[in-house]
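A.B. asks: quick one: sequence plus predicted model below, questions after.
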There are 6 protein chains.
Amino acid sequence: MCVCALVVEDEESLQEIVHDALKEGGFDLTTVASGQEAVAMIESGVVKYSALVTDVNLKGPMKGWEIARLVRQIDPAFPIVYMTGAAADDWASQGVPNSILLKKPFAPAQLVTAVSQLLNTG
Amino acid sequence: MCVCALVVEDEESLQEIVHDALKEGGFDLTTVASGQEAVAMIESGVVKYSALVTDVNLKGPMKGWEIARLVRQIDPAFPIVYMTGAAADDWASQGVPNSILLKKPFAPAQLVTAVSQLLNTG
Amino acid sequence: MCVCALVVEDEESLQEIVHDALKEGGFDLTTVASGQEAVAMIESGVVKYSALVTDVNLKGPMKGWEIARLVRQIDPAFPIVYMTGAAADDWASQGVPNSILLKKPFAPAQLVTAVSQLLNTG
Amino acid sequence: MCVCALVVEDEESLQEIVHDALKEGGFDLTTVASGQEAVAMIESGVVKYSALVTDVNLKGPMKGWEIARLVRQIDPAFPIVYMTGAAADDWASQGVPNSILLKKPFAPAQLVTAVSQLLNTG
Amino acid sequence: MCVCALVVEDEESLQEIVHDALKEGGFDLTTVASGQEAVAMIESGVVKYSALVTDVNLKGPMKGWEIARLVRQIDPAFPIVYMTGAAADDWASQGVPNSILLKKPFAPAQLVTAVSQLLNTG
Amino acid sequence: MCVCALVVEDEESLQEIVHDALKEGGFDLTTVASGQEAVAMIESGVVKYSALVTDVNLKGPMKGWEIARLVRQIDPAFPIVYMTGAAADDWASQGVPNSILLKKPFAPAQLVTAVSQLLNTG
């Protein structure tokens, strides 16, 4: 049994930072490089993911904003963390309610705190 | 000088309820029936609006979800209140961050409190 | 269709204040004098209540603290407002999460704001 | 017994607006024109005030920022509402924690909601 | 001098996970296996505990819900974190206000974040 | 590129604890011993700091309360964390809005969580 985050990131260097931060905090994670894969994995239900951590600007056709909306259509309470450098100002118009945005660069502790806050009921 | 809300509503009975509630709370308001008009009025800047109160399902091509996103692109801190019956469950995937959703039916005081909470800095 | 609060209060003078405040805010309400009646009315489902407003110290065997717990067992998201003079300090140990306590005396607007805040999704 | 707000305002037109708004919400109030009077009235303890509503720019030597700090030294949990036009940007550096700022012009309902939010424990 | 959490847990494997997580975050802790011991230790005042971390379902007669209520009667501001698998849905009716519930399984970082959030004044 | 905190602390033992906690969380930091240095470094803009972590009682003429106010005059949204033992009760009258106070002694995780919470937009 685990607390498993689904990470959408297509830059290898960031994949590693996110992986190490979440592992250090005691989270398991699966990393995919595109929104299509992310939505497919949540829809399949094979692993029960507890949170989505997604980059906003991805090489594929789906941006992080769209991935989060699709995931919230499946589960309206799903915890969402966006990571972005250039697109931080768009969160107010493109983000979903009760999500957290991490502006790059961010410290590993910020990611762990963001996921923890969203998971903790209180 | 006034605190003026921009209301997007195309049902006359609801226009009246919203009008009376906001006036009772001491707000001025302009009511339009479509998203195009709403966005045009905010872009024109002739009146400085302080908040958007929008129905979600409108007869025109733009839903309340899209109107709010366009308004937040113009001003990322703009207070947004959605009113909806059928589409309440979509707020988690279609709403913008830090907005408030009023599920129909709602009491006039809920609308006034929602707009006030979003306007008050604290 | 209405937004209907269920009020539990056994002092007539307070019944009137609560009634007038909620009506002024545009809420409908049913007032009962005991916890047993309150729980029965919510369980029956004949009227769909949107919030519970309960005095803490009642003449009957059930205190407001117990009524709220029973109501939350039926619906974990039910909005709860307690009203109390003497027992305000007990809220931290006897209240349910995400409830609001009004310390007597309170202004009518405090009650209306409390119910509105709990009903508004945001 | 009452819920009594202490209002610090030296412009007559605003005194009236604040008076009418709070009365409409069911609050009692005492209005004074300077910080010295406000602090004296809270220190005397003759009336038990429940909240401070203060203009920021006053003709006397004390600004609203200083009045609020003095009141919070007497009671660290005292609810504070500031009203200001020109000085709104200074709230982030001069305001006290857990206070609310009303930017002029504001609707009467905003004032009533601000005081109610700060008084309601939840 | 230390920041010391009082942990109530009667399963050894969980005792270890909680111990390691809190130590990693820099907290000291005392672990007891029953509510009676927990309440006795807080009442004795020999060590000044800063937070309670309690399992909900314990072998002894006292559940975590009751322990938290007793502790909050002693100190109404005491930070409370519940840990539970089966009983998560009961938090809305059995939990105390301003507490945090960790649903098992949880990552160690969630526990550390929960305790930290409750201890930090802000 | 980094997330860099500016720390104001003049006791060596505390400098070390704060340094180690922030580094462990993945933050960079600069430590200065006085308010004058802190304000100068933020004004110079050579390094872009993301948060201020300041002791309240310092040997120099400026207390942490004043440093935070000066920094917030430069940037009204600047994240502020105060650390204090003796002066914790003064936060309600001397702190700035949306700041966090850490009461000494505190665990390293509390500092990391405090800075992370203030940096995360959500």
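C.D. replies: Happy to help now that I have it.
A.B. asks: beta partners of the most centrally placed residue in chain A?
C.D. replies: Relative to the mean C-alpha position of chain A, the nearest C-alpha, by Cα atoms, centre = their mean, is the one of residue A:53, at 1.0 Å. In this structure, residue A:53 has beta-bridge partners residue A:7, residue A:81, where bridges are defined by DSSP bridges.
A.B. asks: give me the number of residues near residue A:122?
C.D. replies: For residue A:122, the number of neighbouring residues by other Cβ atoms under 10 Å in any protein chain shown comes to 19. C-beta coordinates here come from the backbone N, C-alpha and C atoms, glycine included.
A.B. asks: next: residue A:23.
C.D. replies: For residue A:23, the number of neighbouring residues by other Cβ under 10 Å comes to 13.
A.B. asks: hang on, it packs against residue A:16?
C.D. replies: No: no contact is recorded between residue A:23 and residue A:16 when judged using Cβ atoms under 8 Å, the distance being 10.5 Å.
A.B. asks: which residues of chain A fall in strands?
C.D. replies: Applying DSSP state E to chain A gives strands spanning A:4-8, A:28-32, A:51-55, A:80-84, A:100-103.
A.B. asks: could I get those strands as TSV with mean pLDDT and distance to residue D:6?
C.D. replies: Written out in TSV, the entries for the strands of chain A read as follows (pLDDT from 0 to 100; distance: least, Cβ to Cβ, whole Å):
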stretch	mean pLDDT	distance to residue D:6
strand A:4-8	98	50
strand A:28-32	98	54
strand A:51-55	98	46
strand A:80-84	97	44
strand A:100-103	96	39
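A.B. asks: any idea how far the closest residue to chain D within chain A is from chain F?
C.D. replies: Distances between chain A and chain D by Cβ to the nearest Cβ are smallest at residue A:122, namely 13.4 Å. Spatial separation of residue A:122 from chain F under the definition Cβ to the nearest Cβ, to the nearest Å is 13 Å.
A.B. asks: hang on, isn't that residue packed against residue E:98?
C.D. replies: Yes: when contacts are counted by Cβ under 8 Å, residue A:122 is listed as touching residue E:98 (7.5 Å).
A.B. asks: any residues in contact with both of these two?
C.D. replies: In terms of Cβ atoms under 8 Å, 6 or more residues apart in numbering or on different chains, residue A:122 and residue E:98 are both contacted by the residues residue C:97.
A.B. asks: how far away is residue A:89 from residue A:8?
C.D. replies: According to Cβ to Cβ, to the nearest Å, residue A:89 and residue A:8 sit 20 Å apart.
A.B. asks: of the two, who's got more company?
C.D. replies: Taking neighbours as other Cβ under 10 Å, residue A:89 and residue A:8 compare with residue A:8 leading, 31 against 13.
A.B. asks: was I right about the more buried one contacting residue A:58?
C.D. replies: Yes: with contact defined as Cβ under 8 Å, residue A:8 and residue A:58 form a contacting pair (6.8 Å).
A.B. asks: which residues do those two both contact?
C.D. replies: Shared contacts of residue A:8 and residue A:58 (Cβ under 8 Å, 6+ apart): A:33, A:34, A:35, A:64.
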